[in-house]
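coordinates for the following, if possible.
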Amino acid sequence: MNFTKQEIKKLAAKYFGLNIEKVKKLDGYESFNFLLEDEKAYKFVLKLYPETADHSLIDAETAFLKHLSSEMSNSIPESIPSKNGNFLEQTIVNSESFTIRLLNFLEGKFLAESEQKPKLIYNFGKFMGKLQNAGEGFERLEYRARNFNWDLFHNLENKTFLAEIIDPGNRKIAEYFFQKFEYEILPIWPKLRKGIIHNDPNDWNVLVDDKDQIKGIIDFGDACHTAIICDVAIACAYLIFGKNEPLESVVDFVKGFHSEKRLEELELDVLFNLIANRLCATVCNSAHSKKLNPENEYISISEKPAWEALKKWISINPIQAVNRFKKACGLQVNTIESNELIKKRQAFFSPALSMSYKTPIHLKSSAFQYFFDAKGHTYLDAYNNIPLVGHAHPKIVEAGRRQMANLNTNTRYLYDSLFSYSEKLLAKFPPSLNKIFFVNSGSAASDLAVRIASNFTKRKKLAVMEHGYHGNTQIGIDISSYKFDGNGGQGKATNIIRLDMPDLYRSELTGKDFADAAISKLSKEKKEIAAFFMESIMGCGGQVPIPADYAQSLFKYIRSIGGICVCDEVQIGFGRVGTHFWAFEQLDLLPDMVILGKPMGNGHPMAAVVCTEKLADSFANGMEFFSSFGGNPVSCAIGEAVLDVLEEEKLQKNALEIGLYFMQEMEKLKRQHDQIGDIRGTGLFLGFEMVENQITREPATRLANHIKNKMKEAFVLVGTDGPFNNVIKSKPPLCFNVQNVDHFIKVFGEILRGLKAQKV
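Sure thing, here's the model as predicted:
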């Protein structure tokens, strides 16, 4: 509703006896607000509440301000009684009813307009601590009974607005923190101290002077009875707006608050996630309000900085944040010694179970492309391809939890998720690949693929690629040159034909040359060959892409001798290569069987063999195939959620675009550093081969290992592989972004420049 200045002047005169000369409309959410100035230059704020407003809460706010004024005089708005002695009056304007009230105006500059120096932030914390102390002892049933979504206790109500957040990449961050609230905060909420709090100490409600002191705070319309730590969380949420180092920007506030109102350890334990959840409330309500009232810019004024803050907050290790908060309050920080865990590992497990890096990482939690360790460090995960759509993705977590709470059984029964998932998965394949066998590991899938091929062909010999890897079962090892030719391997079994890996970087031969040599080798035993197993990009071989002419020639030949063509998509499937959903599509191949695993469940153990109907029918020879866990309802729900996220967040497209950018930036580094030999791969499945120099191409194994460990010290995770273990592998979650690539390149380049400086 629009009010004229004359109407406002009349209301001020009628109810408060004021002779107003100036009227200025102020922004508002649930009320109409006006700044008034009388003939003596005194300023007031007139507020009009529509008939739909909760008048009992307005009355409670008036009482709360009166209670606070005894200790916070001149720092909070004071209600001014009407000529009738009432703090609230009822009026009618243009046939509509309103509640009207008058407050004194507090002078000062908003915190949002000030240079937020550490001293000012500390004083802001002290002020809020004093305010909390001043409010102690005040009680109103209206505040205890208040149930609204700006009270963080009721924050999960804001989840109803998630669907109105258009960008799925943004939406998943809010979902992630909502889950943290549900799993980690709600269970201990009853133990948190409660009281009536301001509940909206944002930087546009806080007034400061030119000496880094807080002059006052306005707008008590959101006050409620809740956990007192919420005021700390809300203030911090706004303080991190626009900050490059968001954690640094709030530690002084926590310290200042604690100096006046002592914070308990349990409150500090939940503060990190409470800050995030206040930001989630902001972005969810902004999305909802924009949909309802797209013209009101005030409603969504905090949306953009809130999203920027959330994207930075998600990369902070929660342990680091809690430790910083506790140190600021002079509380002891608990440290965890990883050495004790290493001793336990040695006591419980065989040395055959290896660990990554010279100094192992003790992980505690994760989020999308980030790992968080026990010491408070954040690692950028540029290596682990199993969490395809991102670590701890909330949609995957929720899908598994919901299904686990409802039904989990095996494929001997009928259940909906088995069919809905299978239908979605098969839709990603060429029509001829229309039968699925579910298992729970890529190794089991490889084992099953050998059985199916041998059963169909009645043959035993298998053609495999040099340096290929297909699993940890005995059959998996038998078909994995990476294992049987490696340390501890017993060599090639008699039924295995090993074909040279067509590494064009380390050979003058073409793909056709390699194919001709392979076919010549196979022709000697062609009547005994059951199947040919191939990865379209050789992961353990050093991220080596198979040449299309090689693959097509081998497939054509294998089929001509009655063999089966099997593509292993365990590492490279599900959109990782960017250009296609399956890597075999890049080579214009149509396999008879495809092995799936690793990323299929985003970390949940699930795998499958997809094959033609002819192969599936042949396998039904009287012996039942049964996997206790393969295709169970929980796995199907999770697998379907992975497919949904891939599509919703356009992660295949992201893999293509970010992968191209990644390679372009690495090419720039290559021009500066002679040790970078080959840059290969596609999408987000990349390899960087390290050499002594680009002319001789002599493998630089020690250098690659040095880079891997140095990057780990810089909190970026990569791996090494290849015949000489000199290839840096990067196969991150598909949510990897431009900023992640830039950071990777920066760290990689600094390590190489450091080595160059040492040699000089």
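
for the rest of this, base every contact and every neighbour count on C-alpha atoms.
Will do.

can you give me the strands in the stretch 201-350 of the chain?
Using DSSP state E, counting those that start in this stretch, the strands of the stretch 201-350 of the chain run over residues 206-208, 214-217, 224-227.

and of the ones you listed, who's closest to residue 693?
In terms of CA to CA, the element of the strands of the stretch 201-350 of the chain nearest to residue 693 is strand 206-208, at 60.4 Å.

beta partners of residue 565?
Going by DSSP bridges, residue 565 is paired in beta bridges with residue 532.

OK, contacts around it?
Applying CA atoms under 8 Å, 6 or more residues apart in numbering, we find residue 565 in contact with 531, 532, 533, 555, 558, 559, 591, 592, 593.

re the thing from before, for the strands of the stretch 201-350 of the chain, give me CSV that also has mean pLDDT and mean neighbour count.
Formatted as CSV, the entries for the strands of the stretch 201-350 of the chain read as follows, by pLDDT from 0 to 100; neighbours: other CA atoms under 10 Å:
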stretch, mean pLDDT, mean neighbour count
strand 206-208, 97, 23
strand 214-217, 96, 24
strand 224-227, 97, 23
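
wait, which of those strands is closest to residue 127?
Evaluated over the strands of the stretch 201-350 of the chain, closeness to residue 127 peaks at strand 214-217, with 6.9 Å, by CA to CA.

can you redo the strands of the stretch 201-350 of the chain as CSV with distance to residue 264?
Converted to CSV, the strands of the stretch 201-350 of the chain look like this (distance: least, CA to CA, whole Å):
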stretch, distance to residue 264
strand 206-208, 25
strand 214-217, 25
strand 224-227, 12
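
contact partners of the lowest-mean-pLDDT helix or strand in the chain?
The least trusted helix or strand in the chain, going by mean pLDDT, DSSP states H and E, turns out to be helix 338-348, with a mean of 86. The list of residues contacting helix 338-348 from outside it, by CA under 8 Å, 6+ apart, reads residue 362.

mind checking how far that helix is from the chain centre?
Averaged C-alpha coordinates place helix 338-348 at 30 Å from its chain's average position (CA atoms, centre = their mean, to the nearest Å).

looking at the contacts of residue 565, which is nearest residue 355?
Closest to residue 355 out of those is residue 533 (28.5 Å), distances taken as CA to CA.

okay but that closest one is in contact with residue 464, surely?
Yes. Applying CA atoms under 8 Å, one finds residue 533 in contact with residue 464, separated by 5.1 Å.

verify the contact between residue 376 and residue 333 for me.
No. Between residue 376 and residue 333 no contact is recorded; they are 11.3 Å apart, counting by CA under 8 Å.

who has more neighbours, these two?
For residue 376 versus residue 333, neighbours defined as other CA atoms under 10 Å are more numerous around residue 376 (19 against 14).

quick check, pLDDT for that one.
Residue 376 is assigned a predicted lDDT (pLDDT) of 94.

try residue 503
If you check residue 503, the pLDDT there is 96.

where's it relative to residue 483, distance?
In this structure, residue 503 and residue 483 are 19 Å apart, going by CA to CA, to the nearest Å.

ok, back up a step: ok, which of the strands of the stretch 201-350 of the chain comes nearest residue 295?
With CA to CA as the criterion, residue 295 lies closest to strand 206-208 of those, at 26.0 Å.

how deep is residue 360 tucked in, by neighbour count?
Neighbour count for residue 360, taken as other CA under 10 Å: 12.

just for the chain, where's the confidence low?
Counting by pLDDT under 70, the chain contains low-confidence ranges at 296-300, 759-760.

about what we covered before: how about the contacts of residue 565 in JSON lines, adding distance to residue 339?
As requested, the contacts of residue 565 are exported to JSON lines (distance: CA to CA, whole Å):
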{"residue": "531", "distance to residue 339": "47"}
{"residue": "532", "distance to residue 339": "45"}
{"residue": "533", "distance to residue 339": "42"}
{"residue": "555", "distance to residue 339": "51"}
{"residue": "558", "distance to residue 339": "52"}
{"residue": "559", "distance to residue 339": "54"}
{"residue": "591", "distance to residue 339": "48"}
{"residue": "592", "distance to residue 339": "49"}
{"residue": "593", "distance to residue 339": "45"}
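
neighbour-wise, which of the residues you listed leads?
For those, counting by other CA under 10 Å, the largest number of neighbours falls to residue 531: 29 neighbours.

so that one touches residue 561, yeah?
No. Between residue 531 and residue 561 there is no contact under CA under 8 Å: 10.0 Å.

how far does stretch 82-94 stretch from start to finish?
Chord length of stretch 82-94, first to last residue, is 21 Å (CA to CA).

that one: which residues count as buried?
Across stretch 82-94, burial judged by 16 or more other CA atoms under 10 Å covers 82, 87, 88, 89.

quickly list what's touching both of residue 376 and residue 333.
In the contact map built from CA under 8 Å, 6+ apart, the residues linked to both residue 376 and residue 333 are residue 323.
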